[in-house]
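Chemist: no sequence for this one, just the structure:
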């Protein structure tokens, strides 16, 4: 049986089918994003996402991947990858990441931000699947620190890029107001654009 795909335009209808679905989806997000709000449909880290879940998720949730495929900008943002504890060790997490890799191929890159507290647990998982990282720690607006991991079907030589370069290019000022989340995505985009240019 194939996994169930919920496009973003069906997210509200799907989540509101039952409290069980709503609670399971919220749990997946809260376990992967510690400062996640209780509102999946309005939180900026989930409201635009598409989802892949196990076929019988509505009755028996096992795993979920929430992602935003912005392929116009060559980005596939993996917002949440969660396997319920009793289902771990069965290859579900790897299967979901492989599905994302098959979708992206060499057309762009996958980006996943891992919270600092989880880096020790997830660093090897992502690196085994071919992800690379600069090792830079990026704080959000409430002080949560993340480390970005990237993957592309196109070989990317990893180079250290100075944080000051990105901050200077995208520094907010009185005439250019931009929240830190946008700054982080802009920073990641610039880093990966540099990787692509360097590898051509």
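Modeler: Thanks, I have it. For clarity, every value in this text was computed on a predicted model and none was experimentally measured.

Chemist: show me where this protein has its strands.
Modeler: 4-6, 50-53, 63-70, 75-83, 109-115, 137-139, 145-151 (DSSP state E).

Chemist: walk me through which strands the fourth one pairs with, and which way each runs.
Modeler: Paired neighbours of strand 75-83 in the sheet (DSSP bridges): strand 63-70 (antiparallel), strand 109-115 (parallel).

Chemist: buried residues in the first one?
Modeler: Okay, so that is strand 63-70. Using 16 or more other CB atoms under 10 Å as the test for burial, strand 63-70 gives 63-69. No exception for glycine: its C-beta is placed from N, CA and C like everyone else's.

Chemist: nearest to residue 31 among the strands of the chain would be which one?
Modeler: strand 75-83 (5.4 Å; CB to CB).

Chemist: and the closest one, how far from the chain's centre?
Modeler: 3 Å (CA atoms, centre = their mean, to the nearest Å).

Chemist: list the contacts of that strand.
Modeler: 27-29, 31-33, 45-46, 49, 62-70, 90, 92-93, 96-97, 100, 103-104, 108-112, 185, 188-189, 192 (CB atoms under 8 Å, 6 or more residues apart in numbering).

Chemist: if you set the cut-off to 6 Å instead, what comes out?
Modeler: Applying CB atoms under 6 Å, 6 or more residues apart in numbering, the contact partners of strand 75-83 are 28-29, 31-32, 45, 49, 63-69, 92-93, 96, 104, 110-112.

Chemist: before we move on, the earlier item: tabulate the strands paired with strand 75-83 (JSON lines), appending mean pLDDT.
Modeler: Putting those into JSON lines (pLDDT from 0 to 100) gives the following:
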{"stretch": "strand 63-70", "mean pLDDT": "95"}
{"stretch": "strand 109-115", "mean pLDDT": "94"}
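
Chemist: between these, which gets nearest to residue 139?
Modeler: Taking the strands paired with strand 75-83 one by one with CB to CB, strand 109-115 is closest: 11.0 Å.

Chemist: tell me the buried residues in the closest one?
Modeler: 109-115.

Chemist: which residues touch it?
Modeler: Residues contacting strand 109-115 (CB under 6 Å, 6+ apart): 76-78, 100, 104, 122, 146-152, 188, 192.

Chemist: report the angle between it and strand 145-151.
Modeler: 160 degrees (axes from the mean of the first three to the mean of the last three CA atoms, to 10 degrees).

Chemist: any low-confidence regions in the protein?
Modeler: Where the chain drops to pLDDT under 70, the residues are 156-200.

Chemist: ok, back up a step: now list the buried members of the contacts of strand 109-115.
Modeler: 76-78, 100, 104, 122, 146-152, 188, 192.

Chemist: for the spatially most central residue of the chain, which non-adjacent residue is closest in space?
Modeler: Nearest to the mean C-alpha position of the chain, counting by CA atoms, centre = their mean, stands residue 78 at 2.2 Å. The shortest distance from residue 78 to any non-neighbouring residue, by CB to CB, 6 or more residues apart in numbering, is to residue 112 (4.1 Å).
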